[in-house]
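Novice: Here is my input, please return the structure:
(one chain, ligands or ions: 1)
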Amino acid sequence: MSETILTEIDKGIGIITLNRAERHNAFDDALIRELSEALVRMDTDHDVRVVVLSSTGKSFCAGADLNWMKKAAGYSAEETQSDALGLAGMLRLLNEMRKPTVARVQGPAYGGGVGLVAACDIAIAAFDAQFALTEVRLGIIPAVISPYVIAAIGERKARRYMLTAERFSAAEAYRIGLVHEIVPGEAELDEAVGEIVDSLLANGPCALGECKALIKAVANRPIGSEVILDTAGRIARVRATTEGREGMAAFLEKRKPNWVSSFGGG
Ligand code: COA
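Specialist: Reported below is the predicted structural model:
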């Protein structure tokens, strides 16, 4: 395994750590490829129930590596398209993980770093975290991250922050819905991420995957017969699964469900 990405699996928690601190965890093609591979491995590993995305050093992620972007600007049309698709593919993998994902954010998260945060299910930031969609300041655009960022903060706020490229604080990131929680410092960051992870580990692993698919299927769709039939079909199917039956029986029998193992929450 390359050293630009560290992975660890501990008691149901898969931890992916961006480890290119000397470049503020900016991602080039190698990091994108290794991160993509790590995401696939974590999503398919039965020992992993929750994935935490973190990073080493003082920055969470300085976005795309500008040396790599500069080099890519000289590629042929075909090469540049396939290069950009690598980054788009990595964000898509992160966004579509079946397992819940939690971003642990310290220091600057700029450009693609904001994209990573937005593509995770839950984001917790230290008070020193700073965010910016700096692309237009560099003469480029926040293209491949835009679907995730706009989904997280909404079109109106995206218009401001994507157009001004101004820096904003963790408090502002919290206000606009980019992060779910802010904590005073790095010690509290681990504690807060730990609490979220414990909550996730207490929940049915298959139900979590089904719940992610549910949110994706229902979000931004009009509440009409199609959505209503779809949601009714989903609960009818999921309550009949082994996990659904076990979870409801455990509650009624006043015991812990069988997925709450020695390491898992509850
Ligand atoms: N791509 C490539 N290199 C980067 C980088 C990036 N996105 N971000 C930082 N670096 C490099 C710097 O060029 C510098 O290299 P050097 O030591 O060879 O001069 C090194 O990392 C340290 O960065 P520096 O700016 O000196 O550190 P800092 O602590 O003062 O600031 C940042 C850190 C992250 C706030 C600042 O580097 C920055 O704003 N980076 C650009 C982030 C950005 O706009 N990303 C969006 C890209 S689309």
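
Novice: helices or strands up against the longest helix along the chain?
Specialist: Criterion DSSP state H: the longest helix present in the chain is helix 77-95. Contact analysis of helix 77-95 by 3 or more Cβ pairs under 8 Å, 6 or more residues apart in numbering; DSSP states H and E lists helix 29-44, helix 66-72, helix 112-119 as its packing neighbours. Every C-beta, even on glycine, is put in place using the N, C-alpha and C of the backbone.

Novice: averaging pLDDT over each of the ones you listed, which comes out lowest?
Specialist: Of all the helices and strands packed on helix 77-95, mean pLDDT reaches its minimum on helix 66-72 (a mean of 91).

Novice: Would you point to the one among the helices and strands packed on helix 77-95 that's packed deepest?
Specialist: helix 112-119 (a mean of 28; mean count of other Cβ atoms under 10 Å).

Novice: so what secondary structure elements neighbour that helix?
Specialist: Looks like helix 112-119 contacts helix 77-95, strand 101-105, strand 130-132, helix 146-153 (3+ Cβ pairs under 8 Å, 6+ apart).

Novice: Give the pairing partners of the third one; include direction for each.
Specialist: Strand 130-132 pairs in its sheet with strand 108-110 (parallel), strand 167-169 (antiparallel), by DSSP bridges.

Novice: where does this structure have low pLDDT?
Specialist: 1-2, 262-266 (pLDDT under 70).

Novice: where does it come near the ligand, residue by residue?
Specialist: Residues of the chain found near the ligand (Cβ under 6 Å from any ligand atom) are 23-24, 26, 59, 62-67, 108, 110-112, 134-135, 138.

Novice: Run a quick neighbour tally on residue 249.
Specialist: 12 (other Cβ atoms under 10 Å).

Novice: a helix runs through it, doesn't it?
Specialist: Yes - counting by DSSP: H, G, I helix; E, B strand; the rest coil, residue 249 is part of a helix.

Novice: Pick out the residue in the protein sitting closest to the ligand.
Specialist: The ligand sits closest to residue 111 of the chain, with a gap of 2.7 Å, by Cβ to the nearest ligand atom.

Novice: That residue - nearest residue in space that isn't next to it in sequence?
Specialist: residue 63 (2.6 Å; Cβ to Cβ, 6 or more residues apart in numbering).

Novice: returning to that earlier point: for the helices and strands packed on helix 112-119, could you give me a markdown table that also reports mean neighbour count?
Specialist: Formatted as a markdown table, these follow (neighbours: other Cβ atoms under 10 Å):
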| stretch | mean neighbour count |
| --- | --- |
| helix 77-95 | 16 |
| strand 101-105 | 27 |
| strand 130-132 | 22 |
| helix 146-153 | 19 |
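
Novice: Is it possible to get a markdown table of these that adds distance to residue 123?
Specialist: Output for those, formatted as a markdown table (distance: least, Cβ to Cβ, whole Å):
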| stretch | distance to residue 123 |
| --- | --- |
| helix 77-95 | 12 |
| strand 101-105 | 4 |
| strand 130-132 | 10 |
| helix 146-153 | 8 |
